[in-house]
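Participant: A structural model of the following input is requested.
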Amino acid sequence: DESRNRDRRRWGLVFAICLAVVARIAACISFAPDRFDVDQYQAIASTLAEHGVYGTSPNRPTAFRPPLYPMALALLGPSGSGARLRILALQAFFGALTVWLTYRIATKLNSSSTVDSSTRVAPTLAAVLVALDPILLRQSTAAMTEPFAAMLATVGVLCLVRLGDAPSWKRGLLAGLILGLAALCRPTFVIWAGLVVIWLGVLGVRQKKFRAITCSVALGVAAMLTPWTARNYVVMGHPIFATTHGGYTLWLGNNHLFYAHLRSRGPAELWDSKDLDARFAQMGADLEYDERRVDRECYRLAKATIADDPRGFALSSVVRAGRLFQPIPNQVSGNEGNMNRAIRYGIGVWYFLVGGGLVIGLWSVRRDLRSTRHMPTLLLVFAFVGLHTFYWSNMRMRAPLMPALSVLVAIGWPKLRLFVIRHWLDRRSTRM
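Facilitator: Below is the predicted model of the structure:
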């Protein structure tokens, strides 16, 4: 029986990986974006590959975007014949790898004493959830960081879970290196790394073995961030360890135009930021395209808006946190067709079901939530919620959370199924 179950799980994993690849191919064919390189990652990668300069052009180096994804594209070959196909293949590879890593995490957590036999399908179910996640599928159709960031977040959670099961400084160093790599892909992970170090430090107060581990994790993160910080000090004139993009995203979510839109139109209708973007472009010209000065000016304007309109800030904070986890995508066109409307509401149904499974999964492991098995995921969620409560937010921003959350959903769904079956059988027995 054990051998048969092992074979079933193995074939379940193979099915999920194949499903991930096929689904991404179908998404690329059916939902090709209007702008493939909207955030200029491919443009930066092309400049890096052809001129050895990290920037959108050889004479304009930048720290506006994190470096890891453009560097990966530069190694792949970001320009020339077949460049788009290579990038899409890389996105599909990230997706397939994320599915496998999610399966690994679910397998380890499924061995916990707080999880009963009803969830033995959780690893395969979690893998399938990631393979079909609408946000991850959509972001796999363009040169965007979400598939890479989701993969790195999943590696980070797995390393931290393994660290908790068998603490050692070597595993701590590896976890720190992965967290540092993730931060070079998405700066939000810097907050996650900081929370992890603080958490391990608290554990080290009572357990001496975690003291050296805390230092090794911090060392690993610092080792990854130091070269990027040094490059920015030499090239940009400032030791920037994240990006010069933070000021803009804080201002994008905290300006009088956005606050006025929320008050007059409400959060359901998308706000068009073209006026603010025009001001941002003019600001760059006025400040001679000095990214550090532009970044600081954006922070100044955002802070001034918050101080001038605290009620607007409170309202926008609730909206930003809500948008991070909203189930139904906003309508982006006034002339939405029936097909697009059906897709939007279908995605909403999917995420309502995912949300229900997540609630049940959290309740099922509630006594184990503060253990080393689940704290990495909780800290990851806290980092994203904490940041995007203040900075600009939408559904896409939660993409790196979905694999780790899918593990909890996969614990919850079988329990919901058992509850429904038992309830149905109880009702039948009372009628008979």
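
Participant: Could you tell me which residues within the host helix or strand of residue 155 count as buried?
Facilitator: Secondary structure from DSSP states H and E places residue 155 in helix 146-165. Judged by neighbour count using 16 or more other C-beta atoms under 10 Å, the buried positions of helix 146-165 are 146-164. Using the backbone N, CA and C atoms, a C-beta is placed for each residue, glycine as well.

Participant: Tally up the residues packed near residue 370, please.
Facilitator: A total of 11 residues lie near residue 370 under the criterion other C-beta atoms under 10 Å.

Participant: Doesn't it belong to a strand?
Facilitator: No. Counting by DSSP: H, G, I helix; E, B strand; the rest coil, residue 370 is not part of a strand but coil.

Participant: Report the separation between it and residue 179.
Facilitator: Note on residue 370: its distance to residue 179, by C-beta to C-beta, to the nearest Å, is 20 Å.

Participant: go on, residue 294?
Facilitator: Here residue 294 is placed at a distance of 28 Å from residue 179 (C-beta to C-beta).

Participant: and if you look at residue 298?
Facilitator: Taking C-beta to C-beta as the measure, residue 298 falls 27 Å from residue 179.

Participant: before we move on, what about residue 228?
Facilitator: For residue 228, the distance to residue 179 equals 14 Å [C-beta to C-beta].

Participant: neighbour-wise, which of those two wins?
Facilitator: Just comparing residue 228 and residue 179: by other C-beta under 10 Å the higher neighbour count belongs to residue 179, 29 against 22.

Participant: Secondary structure class of that one, three-state.
Facilitator: Applying three-state DSSP: residue 179 is helix.

Participant: so who does it touch?
Facilitator: 156, 189, 192-193, 196, 217, 220-221, 224 (C-beta atoms under 8 Å, 6 or more residues apart in numbering).

Participant: mind putting those residues in CSV, pLDDT and distance to residue 264 included?
Facilitator: Formatted as CSV, the contacts of residue 179 follow (pLDDT from 0 to 100; distance: C-beta to C-beta, whole Å):
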residue, pLDDT, distance to residue 264
156, 97, 41
189, 97, 36
192, 97, 36
193, 97, 40
196, 97, 41
217, 96, 47
220, 97, 48
221, 97, 44
224, 97, 45
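
Participant: wait, isn't residue 239 in contact with residue 228?
Facilitator: No. Applying C-beta atoms under 8 Å as the test, residue 239 and residue 228 come out as separate, 9.8 Å apart.

Participant: How about the contacts made by residue 182?
Facilitator: Going by C-beta under 8 Å, 6+ apart, residue 182 touches 149, 152-153, 155-156, 189, 192-193.

Participant: ok, of the residues you listed, which one's closest to residue 321?
Facilitator: Here the nearest of these to residue 321, counting by C-beta to C-beta, is residue 192; it sits at 17.1 Å.

Participant: Could you tell me which ranges of the stretch 301-432 of the chain sit under the pLDDT cut-off?
Facilitator: Where the stretch 301-432 of the chain drops to pLDDT under 70, the residues are 333-334, 416-432.

Participant: mind listing the strands for it?
Facilitator: Assigned strands in the stretch 301-432 of the chain: none (criterion: DSSP state E, counting those that start in this stretch).

Participant: what bits of the stretch 101-250 of the chain have low per-residue confidence?
Facilitator: Applying pLDDT under 70 to the stretch 101-250 of the chain picks out residues 111-119.

Participant: Please repeat the previous calculation with a cut-off of 80.
Facilitator: 110-120 (pLDDT under 80).

Participant: So which residues of it form helices?
Facilitator: Secondary structure of the stretch 101-250 of the chain, counting by DSSP state H, counting those that start in this stretch: helices at 122-131, 134-139, 146-165, 169-185, 188-206, 209-235, 246-253.

Participant: Can you dump the C-alpha atoms of the helix holding residue 155 in CSV for me?
Facilitator: Output of helix 146-165 as CSV, limited to C-alpha atoms (Å, rounded to 0.1, in the frame of the first residue of the first chain):
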residue,chain,number,x,y,z
GLU,A,146,6.1,37.5,-10.6
PRO,A,147,6.9,33.9,-11.7
PHE,A,148,10.6,34.3,-10.7
ALA,A,149,9.6,36.0,-7.4
ALA,A,150,7.0,33.3,-6.6
MET,A,151,9.6,30.6,-7.3
LEU,A,152,12.2,32.3,-5.0
ALA,A,153,9.6,32.8,-2.2
THR,A,154,8.8,29.1,-2.4
VAL,A,155,12.5,28.1,-2.2
GLY,A,156,12.8,30.5,0.8
VAL,A,157,9.9,28.9,2.6
LEU,A,158,11.2,25.4,1.9
CYS,A,159,14.6,26.3,3.2
LEU,A,160,13.2,27.9,6.4
VAL,A,161,11.0,24.9,7.0
ARG,A,162,14.0,22.6,6.6
LEU,A,163,16.0,24.9,8.9
GLY,A,164,13.3,24.6,11.6
ASP,A,165,13.3,20.8,11.3
